[in-house]
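Visitor: Let me see the structure of the following:
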Amino acid sequence: MTSHRLVLLRHAKAEPAGSLPDHERPLALPGRRQASAAGAALAAADLVPSRVLCSSALRTRQTWELARTALAAAGAPDPVLTVTDALYDATTGDLAELVRAVPEDDGTVLVVGHEPTMSHAAVTLAGPGSDEQVLARVRTGVPTSSWSVLELDGPWDATAPGGLRLVRLGLPD
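Guide: Sure, this is the predicted structure:
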């Protein structure tokens, strides 16, 4: 069986809601640092994606761009990027549907999205063999710029509730 890795990255710290529509909220200065650190941490953990699925919200796109820059600085090639409105208000089912459509030759897929979808998806997709401590932590929600790693033994189209192993949670510094 082919092993695939799904990395769920919550966007970095954004500016508070104000006069801008939620979709257009940019990253705050601490969020910019978080996003760069997340990219460096992903590179250090050998979690270099071959494909990225990113919400169309400004803060997720900025998170990805800063993470991508850090990954590139570590020598990682640019992945295939899909920016989609479908991840902005996504349910776990919506996220799983997008992942099921990923080509089989993509070994590591990074999803850049929002809370509570990122933690809910990690918990819902996690099944036998998951790290119980990580699962317990993710159940409470995840902070900005954190990332969860799930493994799938089999094809991407087998992505389903309880069908992956939640093996790691990376937290921002």
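Visitor: Mind pulling up the pLDDT for the residue located most distally from the centre of the chain?
Guide: Most distant from the centre of the chain: Ser19, at 27.5 Å, with distances by CA atoms, centre = their mean. Per-residue pLDDT puts Ser19 at 82.
Visitor: From here on, call the first residue 43.
Guide: From this message on, residue numbering opens at 43, which makes the last subject Ser61.
Visitor: Now do the same contact list for it.
Guide: Not one residue lies near Ser61 by CB atoms under 8 Å, 6 or more residues apart in numbering. C-beta coordinates here come from the backbone N, C-alpha and C atoms, glycine included.
Visitor: ditto for Arg210
Guide: 87, 173, 176, 190-191 are the contacts of Arg210 under CB under 8 Å, 6+ apart.
Visitor: from these, which is closest to Leu69?
Guide: Ser190 (20.2 Å; CB to CB).
Visitor: What helix or strand is the closest one located in?
Guide: strand 189-195 (DSSP states H and E).
Visitor: name the element Gln175 belongs to?
Guide: Applying DSSP H and E, one finds Gln175 within helix 174-181.
Visitor: what's the helix or strand harbouring Ala82 in contact with?
Guide: Ala82 is located in helix 71-86, with elements delineated by DSSP H and E. Residues from elsewhere that reach helix 71-86, judged by CB under 8 Å, 6+ apart: 49, 51, 53-56, 69, 90-91, 101, 104-113, 115-118, 152, 186-187, 189, 212, 214-215.
Visitor: Can you tell me which of these are buried?
Guide: 49, 51, 53-56, 69, 90-91, 101, 104-110, 112-113, 118, 152, 186-187, 189, 212, 214 (16 or more other CB atoms under 10 Å).
Visitor: Distance-wise, check the closest residue to Arg93 other than its chain neighbours relative to Ala99.
Guide: Leaving aside its chain neighbours, Arg93 sits nearest to Asp148 (4.3 Å; criterion: CB to CB, 6 or more residues apart in numbering). Applying CB to CB, to the nearest Å, the value for Asp148 to Ala99 is 23 Å.
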